[in-house]
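Okay, structure incoming, though there's no sequence with it:
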C-alpha cells in the first residue's frame, strides 16, 4: 500500500492565504516526526487519550511540494483502525500543523483572489491524518501555541488581511515611522502623541488664561491712573485680545490722565460749550457745529470723553 502523501504546497487555500513551501522549516520535525489524528495530542493521561498514530518518513521537498510517507504504529489498535480505513480509501487526507514565523504582503507573492498575507516562513510542528481535508480545507496553522484551523474561520487576528497591512504601513509612514514598523510600535507612538496633545491643550488653556489676566491688569491699571474711564474697560480688553498686549500697553501709555472739563474749558466758549463736561453731553445736532466753530473746545470735550485727542 502506498502511504506517500503531499503534506503542503504553495497554492491558495480556503482562508484566502497561502503558505510558501520553501519557507517551511522541517528541521525540528525530522527529529520527532509524529503522525497525529485530527491535530489531537494526548492530554488526559488515561485510556481515552488518542496516542500518536505513528511517524512520518522520507520527509522531503520536491518542486513546490512538501512530501512524506506515513508509517502507522502496528502495535496500537486505534492506529490500526485508522490504517485500515486508509487502506480502504475511506481516509486519504493529511493536514500539516505549522507554526507561523513570518507573514508578508509582498505583491510578488500574491495570487489572484488572495485576501490575507502570505505565510512566508513557518515551522512544521506535526502532521495529522484527518477525516475531511485538503490543502484548501484542512491546513492548520499555529501561533503562540494556539491552533488556528483555517477551515473553521479562526485566526483572523493572527493572519492579517492585505488591506490591514497596507493601511498599517500608510499610518506608520504618516507618523514618521518606517513602513516596516510593527503594530505595537505604531500604537505606542499614537498613544504618546495623544498624551502630548492633552498636555498641549491644557498648556494652551493656561496660556490663554494668563494672557487674559495680564490684559485685564493693564486695563485696570490704566483706569486707576485715569488714562481711560471704567466704562471703556471692555473696549480696551477686546483691543488687547485682538491686537496683543504690547499694542494695548503702547496705546494706553500714549494717553494722558483725563482732567476735569473745567480744567481746560474756558467760560467764554464761543458756542456756549463750557456748560458741557464731555462730548457725550453735547446734543448730537450741535457736535459738528461745535467742531467747526470751536475746535479747541471740541478737542477738550472729546478728550474728556475718550481720553485721547481726536484725529482729523
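Looks like it arrived, so ask away. This one's a predicted model, so the numbers in the text were calculated from it and none came from an experiment. Numbering: from 1, shown residues only.

State the helix or strand in which the closest residue to residue 59 other than its chain neighbours lies.
Once flanking residues are discounted, residue 59 sits nearest to residue 68: 4.5 Å by C-beta to C-beta, 6 or more residues apart in numbering. Using the backbone N, CA and C atoms, a C-beta is placed for each residue, glycine as well. Assigned by DSSP states H and E, residue 68 belongs to strand 65-72.

do residue 7 as well
Assigned by DSSP H and E, residue 7 falls within strand 4-8.

Likewise for residue 101?
Assigned by DSSP H and E, residue 101 belongs to strand 93-104.

Okay, now the sheet partners of that strand, with direction.
The strands beside strand 93-104 in its sheet (DSSP bridges) come out as strand 118-130 (antiparallel), strand 140-143 (parallel).

other SSEs contacting the helix or strand harbouring residue 187?
Here residue 187, judged by DSSP H and E, is contained in helix 183-224. Here helix 183-224 touches helix 162-174, helix 233-243, helix 245-254, going by 3 or more C-beta pairs under 8 Å, 6 or more residues apart in numbering; DSSP states H and E.

buried ones in the strand holding residue 101?
93-100, 103-104 (16 or more other C-beta atoms under 10 Å).

same thing with stretch 232-252?
Using 16+ other C-beta under 10 Å as the test for burial, stretch 232-252 gives 232, 236-237, 239-240, 245, 248-249, 251-252.

Next, the distance between the ends of that stretch.
12 Å (C-alpha to C-alpha, to the nearest Å).

Not counting the strand holding residue 7 itself, show me its contacts.
19, 21, 24, 56, 58-59, 65-70, 94, 96, 98, 124, 127, 135, 139 (C-beta atoms under 8 Å, 6 or more residues apart in numbering).

partners of that strand in the sheet?
On the basis of DSSP bridges, the sheet neighbours of strand 4-8 come out as strand 65-72 (antiparallel).

what about burial for the contacts of strand 4-8, which qualify?
Buried, going by 16+ other C-beta under 10 Å: 19, 21, 24, 56, 59, 65-68, 70, 94, 96, 98, 124, 127, 135, 139, out of these.
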